[in-house]
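Novice: this is the structure alone, sequence omitted:
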């Protein structure tokens, strides 16, 4: 809080922000304004709602603070920036950016919002350091009334997800983050403008692409599909490497790399599952010569962002918000990212400085983000609600639920056709 206190001009939103962060780190079942207000001992959710909607503070400035904080605690050689997106399933059509669209969170097309995120990963840990809410072009960008109702600033225009990713990467590099590599999945690897921007910046990349991607071999003279090229490789072209540690130990795959194009440091990297034979493909570029093992390390780092999403949603309520406004979304997401960065920094600082070798059955594993949150939830004093306060909040919730039900029934009766 000392880092971000100066971002709040008044004591009331500053106190609410502290209570909000403590609530995100608490054992509260849901991390929305109602439950966070109850957790803090407030008699109504107003202070939390004002913090997200009306209070005067700059979420992007707090984002800059958390980015610097994460880098300060996680910095190590070989840092990787990772771009990815995650979905937030929502009802209705009023939430900023919501529409029926594919989201990997549900694994299908759902009514949802999609956020594009940037993560920073090193050997010390990983954290989310930036975010952008994707605004669909057809259903939102040209609908002025809908934009106004959701509080979307006039200057916000349509931008593709790869363009949003580049904005965050460029901002991170401009802020002084020492990261030699960027990685991302096919949604970002398939965009030639993003790859060109990274090359112009002198930043290496290992970006996933589709099997149908055409590359040029023989010094750029022969175009060929990536999967066709993989089928032609001899057995000697494949090497076994670990893509990093998973929950059950090192994740070993077979890997091959082929020089493509006319540039000296441009490759197609191919990963093969040792059990199923399933293939994955990556376009790679680096400003200097690198080894296959280094490209494999960067490709494996992409899973770090999935771990960030899992921890952010499971531990600090990244997806627990109940807000519709553009500003409110960015404020909640930023505070949740800050709470996660704090947990990650504590875990990194508590980790052994030197590897301790294989663990015996009686050796505890290093402190994890979930375990640190459990300890903090016990260590920080929390408001102990009286019976009257519990009854007050029960009445509050049930009154609002009744109002919502009446509104729903009225809307249903209005929509029913009359015969």
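Specialist: Yep, that arrived. Quick caveat: nothing in here was measured; it's all calculated off a predicted structure.
Novice: all helices for the stretch 151-300 of the chain, in order.
Specialist: Residue ranges of the helices in the stretch 151-300 of the chain, as given by DSSP state H, counting those that start in this stretch, are 161-174, 186-189, 192-201, 226-232, 292-301.
Novice: tell me which other helices or strands the longest helix along the chain touches.
Specialist: Scanning the chain for the helix with the most residues, using DSSP state H, yields helix 387-415. Contacts defined by 3 or more CB pairs under 8 Å, 6 or more residues apart in numbering; DSSP states H and E place helix 387-415 against helix 33-40. (C-beta placed from N, C-alpha, C; glycine too.)
Novice: neighbouring contacts of the helix it packs on?
Specialist: Counting by CB atoms under 8 Å, 6 or more residues apart in numbering, the neighbours of helix 33-40 from elsewhere in the structure are 19-20, 22-24, 26, 28-29, 44-49, 52, 322-323, 382-383, 385, 389, 393, 396-397.
Novice: go again using 7 Å as the cut-off
Specialist: With CB atoms under 7 Å, 6 or more residues apart in numbering as the contact definition, helix 33-40 has outside contacts at 19-20, 23, 26, 28-29, 44-45, 47-49, 52, 322, 382-383, 393, 397.
Novice: just stretch 98-116 next, same as before
Specialist: Contacts made with stretch 98-116 from outside it, assessed by CB under 7 Å, 6+ apart, are listed as 83, 85-91, 95, 97, 131-134, 136, 139, 161, 164-165, 333.
Novice: okay, buried residues for it please.
Specialist: Residues 98-99, 101, 103, 105, 110-116 are the ones in stretch 98-116 that count as buried (16 or more other CB atoms under 10 Å).
Novice: which of the contacts of stretch 98-116 count as buried?
Specialist: Buried positions within the contacts of stretch 98-116, assessed by neighbour count (16+ other CB under 10 Å), are 83, 85-88, 90, 95, 97, 131-134, 161, 164-165, 333.
Novice: taking those residues one by one, which sit in strands?
Specialist: The members of the buried ones among the contacts of stretch 98-116 that map onto strands under DSSP state E are 83, 85-88, 131-133.
Novice: widest-spaced pair of those?
Specialist: When these are compared pair by pair using CB to CB, the farthest-apart members prove to be 83 and 88, with a separation of 17.5 Å.
Novice: in the chain, which spans are strands?
Specialist: With DSSP E as the definition, the chain shows strands at residue ranges 80-89, 99-103, 108-122, 125-133, 181-184, 204-209, 214-217, 222-225, 239-246, 249-259, 266-272, 279-285.
Novice: and residue 412, which of those strands is closest to it?
Specialist: Within those, the stretch nearest residue 412 is strand 108-122; the backing value is 17.7 Å (CB to CB).
Novice: least trustworthy helix or strand in this protein by mean pLDDT?
Specialist: Among the helical and strand segments of the chain, the one scoring lowest on mean pLDDT, DSSP states H and E is helix 387-415, with a mean of 79.
Novice: next, the buried residues of that one.
Specialist: Applying a neighbour-count criterion of 16+ other CB under 10 Å, the buried positions in helix 387-415 are 393, 396.
Novice: go on, stretch 309-317?
Specialist: Applying 16+ other CB under 10 Å to stretch 309-317 flags 309, 311-313, 315-317 as buried.
Novice: so what touches it?
Specialist: In this structure, residues lying in contact with stretch 309-317 by CB under 7 Å, 6+ apart are 24-25, 31, 86, 128, 318-319, 336-337, 339-340, 343, 369-370, 373.
Novice: which of these count as buried?
Specialist: 24-25, 31, 86, 128, 318-319, 336-337, 339-340, 343, 369, 373.
Novice: quick one: which of these is nearest residue 281?
Specialist: Top of the list for closeness to residue 281, among the buried ones among the contacts of stretch 309-317 and by CB to CB, is residue 86 at 23.0 Å.
Novice: so who does the closest one touch?
Specialist: Contacts for residue 86 were tallied using CB under 7 Å, 6+ apart; they are 105, 115, 117, 309.
Novice: if we use 8 Å, what do you get?
Specialist: Counted by CB under 8 Å, 6+ apart, residue 86 has contacts 103-105, 114-115, 117, 309.
Novice: from residue 102, how far out is the nearest residue to it once chain neighbours are set aside?
Specialist: Spatial nearest neighbour of residue 86, chain neighbours left out: residue 309 (4.9 Å); criterion: CB to CB, 6 or more residues apart in numbering. When CB to CB, to the nearest Å is the yardstick, residue 309 and residue 102 sit 16 Å from each other.
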